[in-house]
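Colleague: Sequence first, predicted model second:
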Amino acid sequence: MKILLDTNAYSAFQRRHEFVVDQVRGSEEVLLPMIVVGELLFGFWNGSRYEENTQALRYFVKDPNVRLLPITWNTADLFGRISTALRKKGRPIPTNDIWIAAHALEARANLLSSDPHFGDVDGLSRVAFPAA
C-alpha cells in the first residue's frame, strides 16, 4: 500500500501519534508532496525550532521508502478537474489541499489526513485519523 502524507499527518508522525506511526510503518511506500514540504517549512520558519524541525524533515525524506513528489502536468490537470468539481458542488477546500488531493489521485495512493474536507474529493482514497 502506498500512503501519501498530508501536512497534519507528517506532524502527527513526528509527535508519535500511534495510528499515524502504524500507517507509515506499514506502508510499502510513503509519498510526500512538495506542497506539504512547503507548508511544513512555512511552519518551521514561523516557529521557534526551525533547525531541529528542518533536520528531522531532511532525515525523514532520506528514508528509502519515502518519495518526494514534484508537480507534473498531470498533477496540474487533476488540480483543475478537482477544483472545478468542488466549485460545482459548492464545496471549496483550501487550495493547497486540492494540490495534495491531486497528488494522491495521480499516485493512486491513500491520503493520510485528519482533514474531513478531503471527503468531498471524488475518487480520493483516504485514511482519516482524529486530530490530537
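Modeller: Yes, it's here.
Colleague: Find the nearest non-adjacent residue to residue 57, please.
Modeller: Nearest residue to residue 57, sequence neighbours excluded (CB to CB, 6 or more residues apart in numbering): residue 40, at 6.0 Å. For glycine as for every other residue, the C-beta is placed from the backbone atoms N, C-alpha and C.
Colleague: quick one: what helix or strand has residue 24 in it?
Modeller: Residue 24 is part of helix 18-25 when elements are defined by DSSP states H and E.
Colleague: Ok, residue 79 next?
Modeller: helix 73-89.
Colleague: Excluding chain neighbours, what is closest to residue 26?
Modeller: residue 1 (7.3 Å).
Colleague: could you say what helices and strands the helix holding residue 24 packs with?
Modeller: Secondary structure elements in contact with helix 18-25, counted by 3 or more CB pairs under 8 Å, 6 or more residues apart in numbering; DSSP states H and E, are strand 2-5, helix 7-14, strand 110-113.
Colleague: What residues of that helix count as buried?
Modeller: Neighbour-count burial for helix 18-25 flags 19, 20, 23, 24 (criterion: 16 or more other CB atoms under 10 Å).
Colleague: what's next to it, contact-wise?
Modeller: The contact list for helix 18-25 (CB atoms under 8 Å, 6 or more residues apart in numbering) reads 3, 5, 9, 12, 13, 30, 112, 127, 129.
Colleague: same thing but 10 Å
Modeller: For helix 18-25, contacts defined as CB atoms under 10 Å, 6 or more residues apart in numbering pick out 1, 3, 5, 8-15, 17, 30, 60, 63, 65-66, 110, 112-114, 127-130, 132.
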